[in-house]
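**Q** Generate coordinates for the sequence data below:
(2 chains)
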There are 2 protein chains.
Amino acid sequence: MSKNFVVAVCGATGAVGQEMLKVLEQRDFPYSKVIPLASARSAGKKVECKGEELTVQELTKDSFDGVDIALFSAGGAISKEYAPIAAKAGCVVVDNSAAWRMDDECPLVVPEVNPQDLDWHKGIIANPNCSTIQMMVALKPIHDEAKIKRVVVSTYQAVSGTGQKAIEELENQVRRLMSGQPVVADVYPHQIAFNCLPHIDVFMDNGYTKEEMKMVNETVKIMGDPSIKVTATCVRVPVFYGHSESVNIETEQKLTADDVRALLAKAPGVTVEDYPEKLIYPMAINASGEDDTFVGRIREDETIENGINMWIVSDNIRKGAALNTVQIAETLIERDLVRVP
Amino acid sequence: MSKNFVVAVCGATGAVGQEMLKVLEQRDFPYSKVIPLASARSAGKKVECKGEELTVQELTKDSFDGVDIALFSAGGAISKEYAPIAAKAGCVVVDNSAAWRMDDECPLVVPEVNPQDLDWHKGIIANPNCSTIQMMVALKPIHDEAKIKRVVVSTYQAVSGTGQKAIEELENQVRRLMSGQPVVADVYPHQIAFNCLPHIDVFMDNGYTKEEMKMVNETVKIMGDPSIKVTATCVRVPVFYGHSESVNIETEQKLTADDVRALLAKAPGVTVEDYPEKLIYPMAINASGEDDTFVGRIREDETIENGINMWIVSDNIRKGAALNTVQIAETLIERDLVRVP
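**A** Sure, this is the predicted structure:
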């Protein structure tokens, strides 16, 4: 990495944007300049990266002149409008929203899983949904070894996935309930404190939520294998950071639990935490702040011929969003792909 | 119900015991006398039923003389020791612990599902595990109609299932975290506040927890059909009351989501809550204090030929424990079975 790059962070004042700046610093990303961008409302605010105070600039059509890489996390509407403008200005976009994920012109990438898809990018690369990313990191080595036929996943998703306001809502609701006051629900349609909401993102005509269909469709695109069938139930739980997933897998070839542990132990981005006899298993509070995806409770499912159950936990703001986005940018640099064809 | 019965409540000061007294009152159970029993430590305490103050008596070998029905919820060890003593004294035991559930001599009963199994009782009847009961109520009509082959279930279980001390632990941990103090974990091996623990009851040699194996084995016994295969992942979540379950079902015959809704709408003990367009679905906070099991998010699973996903929520202390126990006692009366053969 000889060259240093000009990097824009679009949505720099949000939960994920803030984490992106932190990850750029922690990984000593080879930038010459970071330009924090946000809406007019947030322009003028100060953010920090590598000890340097940066002034947030208003996102405009001219923001991307001279920018090499833009990391977007400012919502789907902003991405839809500004990512093509950035790409046209010669800036490679790594977009954390859902806007471009299923676009045939845009690779959808988890660097440990399908870095080769970056080779055909046309200026916009999509970062998958948080709950998909952590599942992909854990499933890829299993798919390579034994071919995954079907996945049944139920998620336990943290409120930070919704953003800063949802973190505050959970905290406020808990405080109010603890002092006997009625609860106000604003970000979510119902109380999230001490409750589970089987509802993430909007409902589709088929009865599934958009979040559930993201797991179904993004898995196929990232794995590059339309034969993998996924059915998902996505649930919001009163946890601040860290998504957990209960994943049931059916493979074509037989794998024992030990086989899976051995495969995952050498997989990039994965830490196996599976010592039930010592009461060690992945947990949201431990994954928070970590880069790896943690896998445990690995056991054979005897109800089918080749079945495995596992429990997958990762920091949804880091690997699920900011970290994966920065890793995509790093992989673009490694593969000498920081240019718009 | 012409006769009135002498009823003992064993474990009357615990979370479930207290709820049993409440349910006996609310359902106007035909008792002539309620005798609250507990350990020597709790003897002398006062409890209430139908406005009457009752003094808790110490559980001894002589506690069951003249008692017709004993409702046990004082832990497995107490049940193991005292249920046979009670039965020998001519008292029919309905036991809420795991001690007798898989005993071939003891029926395991959900009154809406297999009341006929009460006919062969020999003095001790077992109340199933909380997470099993609510699943059985929802699955029975589906099994009758389309024969269930396989179930993949992931649970979201409330701390009240562990007992009063766990309720206090969640509350204390939340208070401490909210005031920036370190957390103390005593009832659970790890922090439960704002966390998910993929660990309920003890770990078995096969890698599953005892709670997970209860769902596997109790389902077969209650349904009376060894061909139903269940694989489970049981998870404790920071919710006070109400277990939620994400359940994936494979049936022999095809059922549409509408078929399932129609079947469940007329099923005893079930309320269908499935209006996603109005953001209505079952939630723990709504199920709390209710008798019914709530089912929603009913949708076809396209990854298999005959698949259904659903979300099942019930009050784990009521239908999952106290209510089901009292309903068993009521069914014994209805079927004229309040005697030890």
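
**Q** Pull the contacting residues for A:Leu71.
**A** A:7-10, A:20, A:94, A:96, A:325-326, A:329 (CB atoms under 8 Å, 6 or more residues apart in numbering or on different chains). Glycine gets a C-beta too; all of them are placed from N, C-alpha and C.

**Q** out of the residues you listed, which is most surrounded?
**A** Greatest neighbour count in the contacts of A:Leu71, by other CB atoms under 10 Å in any protein chain shown, goes to A:Met20: 33 neighbours.

**Q** hmm, back to that, could you tell me which of the contacts of A:Leu71 are located in helices?
**A** A:20, A:325-326, A:329 (DSSP state H).

**Q** Relative to B:Leu263, which of those residues is nearest.
**A** A:Thr325 (45.6 Å; CB to CB).

**Q** Per-residue pLDDT of the residue of the stretch 1-150 of chain A at minimum distance from chain B, please?
**A** Going by CB to the nearest CB, chain B is nearest to A:Arg150 of the stretch 1-150 of chain A, at 5.3 Å. pLDDT, A:Arg150: 98.

**Q** Could you do the one 5 residues further on as well?
**A** The score at A:Thr155 is 98. That number is its pLDDT.

**Q** Is it part of a helix or strand, or is it coil?
**A** Three-state assignment for A:Thr155 (DSSP: H, G, I helix; E, B strand; the rest coil): strand.

**Q** Distance of it relative to chain B?
**A** 9 Å (CB to the nearest CB, to the nearest Å).

**Q** try A:Leu177
**A** For A:Leu177, the distance to chain B - CB to the nearest CB - is 9 Å.

**Q** Then A:Val202?
**A** For A:Val202 relative to chain B (CB to the nearest CB), the value is 9 Å.

**Q** Can you list phi and psi of the nearest residue to that residue once chain neighbours are set aside for me?
**A** What sits nearest to A:Val202 in space, not counting adjacent residues and going by CB to CB, 6 or more residues apart in numbering or on different chains, is A:Lys210, at 5.2 Å. Dihedral pair for A:Lys210: phi -60, psi -40, per degrees, to the nearest 10.

**Q** same deal with A:Arg236?
**A** Per degrees, to the nearest 10, the backbone of A:Arg236 is at phi -90, psi 130.

**Q** again with the one 10 residues further on
**A** Note on A:Ser246: backbone dihedrals following degrees, to the nearest 10 are phi -100, psi 110.

**Q** just checking, it touches A:Asn309?
**A** Yes. Between A:Ser246 and A:Asn309 there is a contact at 7.4 Å, judged by CB atoms under 8 Å.

**Q** tell me which element the residue of the stretch 1-150 of chain A closest to chain B falls in.
**A** Element membership of A:Arg150, judged by DSSP states H and E, is strand A:148-156.

**Q** cool, A:Pro36 as well?
**A** strand A:31-38.

**Q** In the helix or strand that that strand is followed by, which residues are buried?
**A** Sequence-wise, the next helix or strand downstream of strand A:31-38 (DSSP H and E) is strand A:46-49. Applying a neighbour-count criterion of 16 or more other CB atoms under 10 Å in any protein chain shown, the buried positions in strand A:46-49 are A:47, A:49.

**Q** what is the mean pLDDT for strand A:46-49?
**A** Here the average pLDDT along strand A:46-49 is 95.

**Q** now what about it, what contacts it?
**A** A:12-13, A:18, A:21, A:24-25, A:34, A:36, A:53-56.

**Q** quick check, nearest of these to B:Asn316?
**A** Taking these together and measuring to B:Asn316 by CB to CB, the closest member is A:Gln18, at 38.5 Å.

**Q** and the strand holding A:Arg150, which strands flank it?
**A** strand A:229-233 (parallel), strand A:243-251 (antiparallel) (DSSP bridges).

**Q** With respect to B:Asp274, which of these lies nearest?
**A** Judging these by CB to CB, what sits closest to B:Asp274 is strand A:229-233, at 13.6 Å.

**Q** show me where the stretch 201-341 of chain A has helices.
**A** With DSSP state H, counting those that start in this stretch as the criterion, the stretch 201-341 of chain A has helices at A:210-223, A:257-265, A:284-287, A:323-334.
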